[in-house]
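Novice: Pasting the sequence and the predicted coordinates here, then a few questions.
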Amino acid sequence: MSLDEVAKKVIEKGKRESNIIIKQGGQETLQIINKAETEAKALVTQAREKAEKQIKLNKEQEVSSADVEGRRDRLTAEKEILDKVKEKTFQSLIAASTPKKEQIINGLIKQAVQIIPSGSVYSNEEDSVAVKRLASQYQFAGTIKCSGGMIIESSDRTQRLNLTYEMLLEELWAERIGEVADMLFK
């Protein structure tokens with residue numbers, strides 16, 4: 001065998017081996033590419049699922065937050081309305097006509113006598129004439145700063161009954177605010 005033939009055989013063998021290596025390398029490359037594509041698809045799917053969960057969570061939080069804010073706004077508005085109703089009630093009590101005020105004073109005295117049968121009575125300047133006339137079982141002790149009504153004090157000064165408009169309205173309001181709210185908001 002000549003040198004040319006040996007060189008030719010070596011070259012052919014080299015080509016065959018290089019083709020085999022190239023073919024194997026191509027297959028490995030394809031496998032790597034396929035694996036990378038599969039992993040990329042899995043990552044995209046995971047990222048999409050995570051993003052969808054986050055979007056859903058954000059939406060739920062926004063809805064919940066809007067709901068809380070809406071309830072807070074509604075309660076604030078209801079409180080403002082109730083405060084206005086209370087103030088209007090108080091103003092109408094103060095603005096009552098003289099006969100109506102005397103009727104109220106007379107009713108308060110009837111209640112007071114059941115608790116404190118005798119003693120002293122205090123009222124505002126405006127109601128003092130009516131109180132002196134209607135509360136004859138009590139000694140008129142002077143004027144006080146209030147919008148109306150009176151304060152009754154026992155003879156021994158151990159008991160005091162606050163029947164001023166301010167106190168009466170606060171007590172009535174505390175007892176009946178639920179009923180008022182039901183009438184207004186249901």
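Specialist: Here it is on my side, so go on. These numbers come from a predicted model, not from an experiment. Residues are numbered from 1 along each chain as shown.
Novice: Now do the helix or strand harbouring residue 65, average pLDDT.
Specialist: Using DSSP states H and E, residue 65 maps to helix 3-94. Helix 3-94 comes out with an average pLDDT of 77.
Novice: what's next to the helix or strand just after it, contact-wise?
Specialist: Going down the chain from helix 3-94, the next helix or strand is helix 98-115, by DSSP H and E. For helix 98-115, contacts defined as Cβ atoms under 8 Å, 6 or more residues apart in numbering pick out 93, 96, 123, 127, 130-131, 134-135, 137-138, 148-150, 152, 159, 161, 163, 168. Where you see a C-beta, it was placed from the backbone N, CA and C, and this is true even at glycine.
Novice: rerun that using 10 Å as the cut-off
Specialist: The contact list for helix 98-115, computed with Cβ atoms under 10 Å, 6 or more residues apart in numbering, reads 92-97, 119, 121, 123, 126-127, 129-131, 133-138, 148-152, 154, 159, 161, 163-165, 168.
Novice: Mind checking which of those residues are in helices?
Specialist: Counting by DSSP state H, the part of those found in helices is 92-94, 129-131, 133-134, 165, 168.
Novice: now residue 81: how far from residue 74?
Specialist: Here the criterion is Cβ to Cβ, to the nearest Å. By it, residue 81 lies 11 Å from residue 74.
Novice: repeat for residue 170
Specialist: Distance from residue 170 to residue 74, counting by Cβ to Cβ: 25 Å.
Novice: Quick check on those two: which one has the bigger neighbour count.
Specialist: Using other Cβ atoms under 10 Å as the criterion, residue 170 and residue 74 rank with residue 170 on top: 14 against 11.
Novice: Pull the contacting residues for that one.
Specialist: Residue 170 is in contact with 86, 90, 162, 164, counting by Cβ under 10 Å, 6+ apart.
Novice: who wins for most neighbours among these?
Specialist: With neighbours taken as other Cβ under 10 Å, the top of the contacts of residue 170 is residue 164, carrying 20 neighbours.
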